[in-house]
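K.L.:
Any chance you can model this:
(chains A and B)
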Amino acid sequence: MTRLDTLRGPAAPLDHNARTIAALAVNPGCDRRALLDAAGIDKQRTATHLGYPAPFGQSPFAITRAASFDALVKANGCAHLLRLLRDTLDLSISEASYSDISDVGGSDNHQVRHTRTRALLKRAASDGEGAGTLFDHPLLKLGVAGHQVYLEPAIIAFQIEGRFHVVEIKSFAVIDDQADAGQVAAAARQSAVYVYALRALFASEGLDPDRVSHDVVLVCPKDFANHPTATLLDVRQQLAALDRQLSRLTRIDRILDELPVGITFDIEAQSPDEAAKAVSTVDARFAPECLSSCEMALFCRAEARDSGSTDMLGRTARDELGGVESIPTALGLADDSRLPSPEQTEIAEQLRYVRRIYIEAVA
Amino acid sequence: MGPLILCGTVELDALEKRIAGLRSEIRAAKAAGDHATVRSLRAELRKTERAWDDALEPEPEPAKAPLLPVREQVHQALTLLGVPTAAKMIVTVNEAFFAGHITTSQLTSLRRDEEKSFRTSPYARPYYLCAALTSELLSPARGLLAVSTWPLPSRIIGPLSPRADFLTSATRIAEHIMRLTGAGEDASPSAYRLLTRMAQNIPGAVDGFDQADPAQVIAAAGAELAVHEESDTDERGEAARRAEQQLNEVTRLFGAGLKTARTA
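P.N.:
Numbers count the residues shown, from 1 in each chain, chains lettered A, B, ... in the order given. From the prediction side, this is the model:
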C-alpha cells in the first residue's frame, strides 16, 4: 500500500463511490484509471493541473432535482415507496417498518453507521418476519484494490419474504413506460455496485449472499408529472462485469511492478510537464466513451491524438485494426509505403483492399 | 383617504373626457373615409378604456405581518396533527389550514433554540417544541418536531412509527376538514390537495387521481393503522419506560445521543 501512497503524494485519498466503481467497469482495460483510482488520486485536480480540466461532473440543477425527488419518494416514512412496493412486489400491508441509518444517536461517523447497518441487516435477515423492511441510508463497505471503501448510497435496502432488494431512486423520467437507455444502463451499473456490496456484507456475516436479489427496484418519475413509479431491473450482467473488474483491480500490483521506482503523481511537488510525464508512464486505453465518464479523458485524448493512436477511432475501429497501433502505420500499410511485419501481413492485405475500393469509389 | 379619492376622481374625469373626445374623432374620421386613422384611434380608445377600468380597482392591501410568532404557528400545526412531524409537512399544514407563511428554513434552528431556552430556565414556558426520540437509542429522531406536553410514548419513533404517524396525521387532517365543513365553512383547496396527496399512498383511500373524500380516508387509514397499531404501541411503550428511567429532564425532551453526551 505504501507504493500507492507515494503515488498520491501528501493529499488525502479520495473515496470511491458507486459512480466511480461503476465507471471502472465501463473501461476495464484502462490501467491508468485503475491505478489512479486505486491510489485514491483526485483525478479532477490532476487533470486541471495537467492543463486538461474536464468539462465534467454533475450539474447543480441535476443534483438539486435528484435530491428533491429523493425527498419526495422518502417523505412521510417512505409513503410513496410503500405504495409502489405494494403494487409491484406485493409487499404485505403489515410490512411497513422503516429504519433510518443516516445517523446513529446523532453521530454520522462512518464506522458507527456501518456497524449499525450490519447489526440491523443481520437482525432483519435472521429474525425473519417483521424484523425490518426498509433501511434508509445504509452504509456499506467494499474492498476495492485492497483497501476498504465506504459506499454511501442514497438508497434503501428492502426486504420482502426473506429476500433483500436494493432500491435505486433516479430522477430521469419514464415516459410511456420507456426511459432513456443510457440513463437506465448507468443506474443498473451503480445499483450493481450496491448489490455486490450488500452480498459481500451478507457473506461476511455468515448469511447466504443469494438472499440479496439481483433484481433492483428502480424508482423514477412517471411521464411528465412528479409522481414516482417503480420497475424491476435485472442487474446480473452488470454484477458479472463488476465482479471481473474488481478481481482485476486487486491485481493492481502487476501494474505497480512495471512502473519505474520512485515515481509519483503528486501535483503539489511537480510542474505540469513533470506530472504529465509521470502519468504517461501508465498506459491508458482511451475510447471516445471515456469523455462522459472519466475526468482524465481530455488528457488521454490529447495523448492519443499526438501519438496518432487508433484508440481515437473508437472501440470498433480499433479492434478491426488489430495489431496496428497507430493511424500513420495503418495508412502506410494501406498505400504500400510501409512494409508489413510478418504478423501484419494479413491486416495489411485487407487495408490495401479497402484502399483500392475507396479510390475506385471516390475517383 | 380623502386626497386619494379626490385624486382618483380627477383621474377618472380626465379619462372620461378623453374617451368622449376619441369617440367623436372616430366618427369624424369614419365619415371622411380615413380607415387607417379609424383603426389607430380605436386602439387608442381601447387603451384609454382599460386605464379607466384599472383606475376603478381598489388599491392592493399592504401585506399583513403574521400575528403569531413562528413557534406558535408550529405548535398550532403540530396540535392539529398530533404526531411528531417533519418540517416540510408542518409548513404545508400551516399553509393549508391556518393561512400561515412560515418556511422550512425558519424551522431549522427552532429545536436548538428551544433546547437552549429550556436549559437556562426549565419549564418557564407552557410548552416546548422538542424532539421525537428513536426507540432504540433514545436519541433525537432526525428532522422531526414534537410538543413537550404530549405523553412520552407518542414522542417515541420505533420502526413502524413513521407509517403509523403518517396514517394518524392523514386521519387528523381528514377529521379537521370534516369539522370545518360541519361548521358550515369549507376547507381551502390546498387542504384538499394535501389530503388527496396523502390518500394516494394509503390503500383504498382514494380512487385514481380524484379528490379524496375525508370519510373514506379516515376509514382506509384506520384499517391500515389497525394492522400496525399493536406492535407499534408495544414498542413505543417499552421505549418510553426506558426513557423515564434512564434520561434526565433535558434529554427526555431533546434526546440523548452520542453527540449530546460528547458536548454536554
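
K.L.:
So which residues on chain B come close to chain A?
P.N.:
B:86, B:88-89, B:134, B:137, B:139-142, B:159-163, B:165-166, B:169, B:198, B:200-201, B:203, B:224, B:227-228, B:231, B:255-260 (C-beta under 8 Å from any C-beta of the partner chain). Glycine gets a C-beta too; all of them are placed from N, C-alpha and C.

K.L.:
from those, which would you call buried?
P.N.:
A residue is treated as buried here by neighbour count (16 or more other C-beta atoms under 10 Å in any protein chain shown); on that basis the buried members of the residues of chain B next to chain A are B:86, B:89, B:134, B:137, B:139-142, B:159-163, B:165-166, B:169, B:198, B:200-201, B:224, B:227-228, B:231, B:255-260.

K.L.:
on that earlier part again, show me the residues of chain B next to chain A that map onto strands.
P.N.:
Judged by DSSP state E, those include B:86, B:134 as members of strands.

K.L.:
Export the helix or strand containing residue B:146 to CSV, keeping only CA atoms.
P.N.:
Here residue B:146 sits within strand B:144-147, counting by DSSP states H and E. Taking Å, rounded to 0.1, in the frame of the first residue of the first chain, the C-alpha atoms of strand B:144-147 are listed here in CSV:
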residue,chain,number,x,y,z
LEU,B,144,-38.9,15.6,13.4
LEU,B,145,-40.6,18.2,15.7
ALA,B,146,-42.9,17.3,18.6
VAL,B,147,-44.5,19.1,21.6
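
K.L.:
Counting by contacts, list what it packs against.
P.N.:
For strand B:144-147, the packing partners by 3 or more C-beta pairs under 8 Å, 6 or more residues apart in numbering or on different chains; DSSP states H and E come out as helix B:70-81, strand B:85-86, strand B:129-130.

K.L.:
Tabulate these in TSV, adding columns for mean pLDDT and distance to residue A:35.
P.N.:
Output for the helices and strands packed on strand B:144-147, formatted as TSV (pLDDT from 0 to 100; distance: least, C-beta to C-beta, whole Å):
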stretch	mean pLDDT	distance to residue A:35
helix B:70-81	90	54
strand B:85-86	90	45
strand B:129-130	90	52
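
K.L.:
can I get the ones you listed in CSV with distance to residue A:311?
P.N.:
Formatted as CSV, the entries for the helices and strands packed on strand B:144-147 read as follows, by distance: least, C-beta to C-beta, whole Å:
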stretch, distance to residue A:311
helix B:70-81, 61
strand B:85-86, 51
strand B:129-130, 62
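
K.L.:
sorry, back to before: what's the average pLDDT for the strand holding residue B:146?
P.N.:
Strand B:144-147 shows a mean pLDDT of 90.

K.L.:
Can you list the strands that it pairs with?
P.N.:
Strand B:144-147 has its sheet partners listed here by DSSP bridges as strand B:85-86 (antiparallel), strand B:129-130 (antiparallel).

K.L.:
can you put those strands in a markdown table and add distance to residue A:307?
P.N.:
Supplementary listing: the strands paired with strand B:144-147 in a markdown table, determined by distance: least, C-beta to C-beta, whole Å:
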| stretch | distance to residue A:307 |
| --- | --- |
| strand B:85-86 | 57 |
| strand B:129-130 | 66 |
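
K.L.:
mind checking which of the ones you listed is nearest residue A:50?
P.N.:
Evaluated over the strands paired with strand B:144-147, closeness to residue A:50 peaks at strand B:85-86, with 45.9 Å, by C-beta to C-beta.

K.L.:
from the middle of its chain, how far away would that closest one be?
P.N.:
In terms of C-alpha atoms, centre = their mean, to the nearest Å, the gap separating the centre of strand B:85-86 from the centre of its chain is 13 Å.

K.L.:
Then stretch A:159-177?
P.N.:
Between the centre of stretch A:159-177 and the centre of its host chain there is 19 Å, according to C-alpha atoms, centre = their mean.

K.L.:
and what of stretch A:20-37?
P.N.:
Averaging C-alpha coordinates over stretch A:20-37 and over its chain gives two centres that are 8 Å apart (C-alpha atoms, centre = their mean).

K.L.:
for the strand or helix carrying residue A:193, packing partners?
P.N.:
Taking DSSP H and E as the definition, residue A:193 sits inside helix A:181-204. Here helix A:181-204 touches helix A:18-26, helix A:110-127, strand A:140-144, strand A:147-151, strand A:163-169, strand A:212-221, strand A:228-234, helix A:236-249, going by 3+ C-beta pairs under 8 Å, 6+ apart.

K.L.:
redo that, cut-off 6 Å
P.N.:
For helix A:181-204, the helices and strands in contact under the criterion 3 or more C-beta pairs under 6 Å, 6 or more residues apart in numbering or on different chains; DSSP states H and E are helix A:18-26, strand A:163-169, strand A:212-221, helix A:236-249.

K.L.:
which parts of that helix are buried?
P.N.:
Of all the residues in helix A:181-204, those buried under the rule 16+ other C-beta under 10 Å are A:184, A:186-202.

K.L.:
can you check stretch A:34-50 too?
P.N.:
By neighbour count, and taking 16+ other C-beta under 10 Å as the criterion, the buried residues in stretch A:34-50 are A:34-43, A:46-47, A:49-50.

K.L.:
any chance of the residues you listed in CSV, with secondary structure too?
P.N.:
As requested, these are exported to CSV (DSSP: H, G, I helix; E, B strand; the rest coil):
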residue, secondary structure
A:34, helix
A:35, helix
A:36, helix
A:37, helix
A:38, helix
A:39, coil
A:40, coil
A:41, coil
A:42, coil
A:43, helix
A:46, helix
A:47, helix
A:49, helix
A:50, coil
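
K.L.:
Pick out whichever of the residues you listed sits closest to chain B.
P.N.:
Relative to chain B, the closest of the buried residues of stretch A:34-50 is residue A:40; by C-beta to the nearest C-beta it sits at 27.9 Å.

K.L.:
Just to check, that closest one is in contact with residue A:16?
P.N.:
No. Here residue A:40 lies out of contact with residue A:16, judged by C-beta atoms under 6 Å, at a distance of 7.9 Å.

K.L.:
on that earlier part again, among the residues of chain B next to chain A, which are in helices?
P.N.:
Judged by DSSP state H, the subset of the residues of chain B next to chain A located in helices is B:88-89, B:161-163, B:165-166, B:169, B:198, B:224, B:227-228, B:231, B:258-260.

K.L.:
pLDDT on the helix or strand hosting residue A:356, on average?
P.N.:
Secondary structure here is read from DSSP H and E; on that basis residue A:356 sits in helix A:345-362. The average of the pLDDT scores along helix A:345-362 is 90.

K.L.:
Flag every buried residue along that helix.
P.N.:
With the criterion 16+ other C-beta under 10 Å, helix A:345-362 contains buried residues A:347, A:348, A:351.

K.L.:
Equivalent analysis for stretch B:207-222, please.
P.N.:
Buried residues in stretch B:207-222, counted by 16+ other C-beta under 10 Å: B:212, B:213, B:214, B:216, B:217, B:218, B:220, B:221.

K.L.:
which non-adjacent residue is nearest the residue of the stretch 201-350 of chain A found nearest chain B?
P.N.:
Proximity of the stretch 201-350 of chain A to chain B (C-beta to the nearest C-beta) peaks at residue A:227, 8.4 Å away. Closest residue to residue A:227 apart from its sequence neighbours, by C-beta to C-beta, 6 or more residues apart in numbering or on different chains: residue A:221 at 6.7 Å.
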